Every structure is written in C-alpha cells, then in structure tokens.
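*Asks:* missing the sequence, but the structure's below:
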C-alpha cells in the first residue's frame, strides 16, 4: 500500500513496483556515469569523455547546492541543471544515431535515454539525491559479507547473524 518515490538502479526486480501508479521511479546518475566510465576504461572514447564531462557538471551543481533546503534545491536544479540536461539529452539522441548500435557506447547512451524520465525527476523533487550512492554505501557491508554469512555454523547461528546485521545496518 506504500505510495511514494523509490530511487534505485535499474534492477529488474523493481519493475513490478513501477508498473503500479503509486510508486514513482527516480533514477540514479551514478549508474549512468558508470556505464560511460566503463566504456572509457576499455579504451579512449571521445563520446564517453564528453558524456562524463556533462555528468560532472551535474554533480558540480549538486555540490554547489548541497546545503540548500529542499525547495531551493529543486528551484536551483530547474534553473541550472534543467537547461544542461535538455542539451545533454539532445546530444545523446544525436550521438546515438552516429555510433554502432551494438557498441558499448550505444548501450551506455541507450541506458541513459531509456531512463530519462526517472533520471530527471530529481529536478522537481528537492528531497531526492542525484544518485542512490548513500543507500548503496549503507548496504555494502551486507553485500560484501553475503558469502561469508554462508558459514555461520548452523541455521540458528545464521538467524542470529541476520538479526544482528539487520540492526547494525539499519
């Protein structure tokens, strides 16, 4: 019955929630950035470099407005990031037509364009972050230790460990 905005990566497990009109998807720019970064790491890519520069500007704006109240954040984002995002989207759409369809850069561009509505929701909602990195950092302890938790000795030990980790991580 929960209604609201859920900010996540593109994990398919959330799709059923987003199909319900009561849950609105907010995207994560860190995941978009990661796709372009991975392309650049495989070899120099002027397109990936340019996309990363656009995204860096978005994060620069976020650094400037970090201490603003939510209402002022939304207003500042709309004024400063809004036009930048419009230009970036136009550039992505234009560039998408010029790259090999199955290339890594085409996949990175498609990832961003497919999620555009969710990625730009943060312009309107000052309480949203540009990405969901704080949540992912909070969950990293559980994710990293997941395989270690298989060796707790017995089921009762596993249940106790799960309780402790739940309390610690929340």
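*Replies:* Good, I have the coordinates. Just so we're clear, the structure is a prediction, and the values are computed from it rather than from any experiment.
*Asks:* pick out the residue nearest the middle of this structure.
*Replies:* residue 28 (1.6 Å; C-alpha atoms, centre = their mean).
*Asks:* that one contacts residue 128, correct?
*Replies:* No. Applying C-beta atoms under 8 Å, one finds residue 28 not in contact with residue 128, separated by 10.2 Å. Bear in mind the C-beta positions are built from the backbone N, C-alpha and C, glycine included.
*Asks:* common neighbours of the two, please.
*Replies:* Common neighbours of residue 28 and residue 128, using C-beta atoms under 8 Å, 6 or more residues apart in numbering, are residue 7.
*Asks:* and the residue nearest to the centre of the chain, how close does it get to residue 5?
*Replies:* Distance, residue 28 to residue 5, using C-beta to C-beta, to the nearest Å: 12 Å.
*Asks:* which stretches of the protein form helices?
*Replies:* Ranges of helices within the chain are 15-19, 29-42, 46-65, 70-76, 82-96, 104-114, 116-120, 133-145, 155-169, based on DSSP state H.
*Asks:* which strands or helices does the fourth one pack on?
*Replies:* Helices and strands touching helix 70-76, by 3 or more C-beta pairs under 8 Å, 6 or more residues apart in numbering; DSSP states H and E, are helix 46-65.
*Asks:* could you find the closest non-adjacent residue to residue 33?
*Replies:* The shortest distance from residue 33 to any non-neighbouring residue, by C-beta to C-beta, 6 or more residues apart in numbering, is to residue 55 (4.8 Å).
*Asks:* if you could redo that for residue 138, that was the one I meant.
*Replies:* Closest to residue 138 by C-beta to C-beta, 6+ apart is residue 169, at 6.5 Å.
*Asks:* okay, the one you found and residue 131: tell me how far apart.
*Replies:* Distance from residue 169 to residue 131, by C-beta to C-beta: 19 Å.
*Asks:* circling back: among the helices of the chain, which gets the worst mean confidence?
*Replies:* Among these, helix 133-145 carries the lowest mean pLDDT, a mean of 73.
*Asks:* list the contacts of the closest residue to residue 3 other than its chain neighbours.
*Replies:* Spatial nearest neighbour of residue 3, excluding adjacent residues (C-beta to C-beta, 6+ apart): residue 22 at 4.1 Å. Residue 22 is in contact with 1-4, counting by C-beta under 8 Å, 6+ apart.
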